[in-house]
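**Student:** all I have is the shape, not the residue letters:
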């Protein structure tokens, strides 16, 4: 029987790996975006500035950026140290795909990756200013391959099917996948947090972004409980870690809402 010995959650956003002096690289794309979602409404850039007046001019000076960047990097290093200290035998990572693994031809709601090997490669795109500079945080330049935990993945698939979850499964990167390897939500964890020294792992890929089969929040709660039971009933490893790769509000940050979510997690307030 396996114990979940560690739980870790972290963003994988590009500013975590971009020098603070260059955070403005994404500003051009933000200004061009005509659909910024904030509190249930869509705004263009100028109308969003008006809606959020007086804005954040006092919060974006270079010195504050540097201080917050160092705070984030320190936290990431702490996560890596804790993982090494606990030394789990395997890890299950929940994250999302941003059209790097799947495409419009196939977009499963929930996918369990059961491959014996997990490929991680850098993906550079000249049309994405501000992303290429952060790409070295997601994969080493030469790429990397990590061990998959196939038996654990198959046990999760069977166990969740017994609890009426209809899942997709994958054992290799789909042909023609835009990234050519695992999505950066996982690559950031493998490369930056775990320093490419990862035990056998099971990536579970959620369709967070693309209509119309995004898992609903109540279903994700049910998935979490069922996943706990699946891991607890597995006999191949005794010490398993869970890692969640994502974020909170995105792209437009709403700190008030984020703190409500964090407080609810802390207090176990599922409602």
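**Tutor:** Looks like it came in fine. Quick caveat, the model's predicted, so the values are computed rather than measured.
**Student:** residues contacting stretch 217-224, please?
**Tutor:** The list of residues contacting stretch 217-224 from outside it, by CB atoms under 8 Å, 6 or more residues apart in numbering, reads 110, 160, 165, 206, 215, 270. Bear in mind the C-beta positions are built from the backbone N, C-alpha and C, glycine included.
**Student:** and which of those is nearest to residue 94?
**Tutor:** Nearest to residue 94 out of these is residue 206 (CB to CB; 6.6 Å).
**Student:** list the contacts of that closest one.
**Tutor:** 94-97, 109-110, 215, 220.
**Student:** and residue 261, how many neighbours?
**Tutor:** Neighbourhood size, residue 261 [other CB atoms under 10 Å]: 13.
**Student:** quick one, phi psi at it?
**Tutor:** Per-residue torsions, residue 261: phi -70, psi -50 (degrees, to the nearest 10).
**Student:** go ahead and confirm it touches residue 248.
**Tutor:** Yes: in this structure, residue 261 is within contact of residue 248 by CB atoms under 8 Å, at 5.9 Å.
**Student:** residue boundaries of the strands in this protein?
**Tutor:** For the chain, applying DSSP state E gives strands covering 3-11, 36-38, 41-43, 90-96, 110-113, 117-120, 144-147, 168-170, 201-206, 239-246.
**Student:** nearest to residue 179, of the contacts of residue 206?
**Tutor:** Comparing the contacts of residue 206 against residue 179 with CB to CB places residue 97 closest, at 9.1 Å.
**Student:** of the contacts of residue 206, which pair is most distant in space?
**Tutor:** 97 and 220 (15.3 Å).
**Student:** these two: who's more crowded?
**Tutor:** Neighbour count, other CB under 10 Å: between residue 97 and residue 220, residue 97 has more, with 26 against 14.
**Student:** quick one: contacts for that one?
**Tutor:** By CB under 8 Å, 6+ apart, residue 97 lies in contact with 111, 183, 185, 205-207.
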